[in-house]
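**Student:** build me a model:
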Amino acid sequence: MATIYEVAARAGVSPATVSRLFNGSFVSADKADSIRRAAAELNFTPNRTARRLRKQSSELIALLIPDVENPFFTALARGVEDRAQQAGFSLVLCNTDDDPGKEEHYLDIAASEQMAGVILTPTAGEVDLGAIAALGRPVVAVDRTTPYPVDAVKIDNRAVGIAATGALFDAGFRRVACIAGPAGIEATEERYLGWREVATARGGGDLDGFLQHANYRVDGGRSAMQRLLELPVPPDAVVTTNNLMAVGALQVLAEAGISPRELGVAVVGDLPFTTLTPDAVAQVHLPARHLGTTAAAMLLDRIGGDSQPPRTVVLRGELRAG
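**Tutor:** I've put the predicted structure just below:
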């Protein structure tokens, strides 16, 4: 079935204008004629249930992310906002700090304020979408999935872990460690499984102590790198599974007088500070902004009446070797 976005494109108007017409709001006569003609040509029929819910909701979309200070999530948020504004919606940005309590609080606000939909990066806890689901509001999970039957868009995280680790072995390193994020987070586990797959197959040595969990911030990368350097037989290279942890790891190496050419570094994500981007560091670029625009498009389709079964879109990273 055609969506309001296809109707809008054919009629030469915004999706918000199509929505206003079918919700009974004023639209100029020439635009209304164009929309009705496009709808007839595309056999578009407004979803009555979705239309009723839409009239009872605001023009706001909630975006719940773990860390607004992380450039990855900043770019993701920009992608969501760009796509939402094109459709006539405004964005409410909520920073959860990967805290299930804060996540629940913001979801309750989204429900009580009758927001049109929610895009969220679920925390490590069991996310409760009950209140949103009871209102019939659409939800899209981004970067991580959720057990709830909702749309999702994510990175092929195992593949990026494999790519980052493979780059270090290709560069001649053999004892490759991994600084992973907190245990229990989907992206963390998929990325370090990619590391383990390559390290086991190509390294052939003991990986005991080579997997270090840390928080997804600079201080987490610092503490994990320090622990790796203190091992009886330290690694000769390290994969960091997010950008801010990589900054912390590079700081520790610099303070110890060790360059990334001596102890190899590969990072999943783009290093956020150009002054800390040595040529020797391999980076796996993640399409953060594309994640955001894709998630927003999926949510807007649901707001517009799309009733197909939930689907998951998987995007790939791109290795940019140092």
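**Student:** okay, now the domains of the chain?
**Tutor:** 4-46, 57-155+288-315, 157-285 (automatic domain parsing).
**Student:** helix or strand with the lowest mean pLDDT in this protein?
**Tutor:** Scoring the helices and strands of the chain by mean pLDDT, DSSP states H and E places helix 48-55 at the bottom, with a mean of 46.
**Student:** which residues does the helix or strand just after it contact?
**Tutor:** Counting by DSSP states H and E, the next helix or strand C-terminal to helix 48-55 is strand 60-65. With contact meaning Cβ atoms under 8 Å, 6 or more residues apart in numbering, strand 60-65 is reached by 73, 76-77, 80-81, 84, 89-96, 103, 106-107, 109-110, 113, 115-121, 296, 299. Every residue, glycine included, has its C-beta placed from N, CA and C.
**Student:** of the residues you listed, buried ones?
**Tutor:** 73, 76-77, 80-81, 84, 89, 91-96, 103, 106-107, 110, 115-121, 296, 299 (16 or more other Cβ atoms under 10 Å).
**Student:** mind listing the helices for this structure?
**Tutor:** Under the criterion DSSP state H, the chain contains helices at 4-11, 15-22, 29-41, 48-55, 71-86, 100-112, 130-134, 157-170, 186-198, 218-229, 243-255, 288-303.
**Student:** residue closest to the middle of this structure?
**Tutor:** Nearest residue to the geometric centre of the chain (Cα atoms, centre = their mean): residue 143, 3.0 Å.
**Student:** check contacts around the residue nearest to it when sequence neighbours are not counted.
**Tutor:** Distance criterion Cβ to Cβ, 6 or more residues apart in numbering; nearest residue to residue 143, sequence neighbours excluded, is residue 121 at 4.6 Å. The contact partners of residue 121, by Cβ under 8 Å, 6+ apart, come to 64, 65, 66, 73, 96, 141, 142, 143, 144.
**Student:** low-confidence ranges in the stretch 51-200 of the chain?
**Tutor:** 51-57, 125 (pLDDT under 70).
**Student:** swap in 90 and give it another go.
**Tutor:** Along the stretch 51-200 of the chain, segments meeting pLDDT under 90 span 51-59, 69, 86-88, 98, 108-109, 111-114, 123-136, 146-148, 183-186.
**Student:** over to the stretch 201-322 of the chain?
**Tutor:** Looking at the stretch 201-322 of the chain by pLDDT under 90, you get 203-208, 270-280, 304-307, 319-322.
**Student:** about what we covered before: gap between the residue nearest to residue 143 and residue 246?
**Tutor:** From residue 121 across to residue 246, the span is 19 Å (Cβ to Cβ, to the nearest Å).
**Student:** equivalent analysis for residue 100, please.
**Tutor:** For residue 100 relative to residue 246 (Cβ to Cβ), the value is 26 Å.
**Student:** looking at the two, which is more packed in?
**Tutor:** residue 246 (29 against 15; other Cβ atoms under 10 Å).
**Student:** what about residue 291, how many neighbours?
**Tutor:** Counted with other Cβ under 10 Å, residue 291 comes out at 25.
**Student:** just checking, it touches residue 140?
**Tutor:** No: between residue 291 and residue 140 there is no contact under Cβ atoms under 8 Å: 10.5 Å.
**Student:** give me the common contacts of those two.
**Tutor:** Joint contacts of residue 291 and residue 140 (Cβ under 8 Å, 6+ apart) are residue 153.
**Student:** what about residue 29, how many residues nearby?
**Tutor:** Counted with other Cβ under 10 Å, residues neighbouring residue 29 total 7.
**Student:** pLDDT score for it?
**Tutor:** pLDDT recorded at residue 29 is 82.
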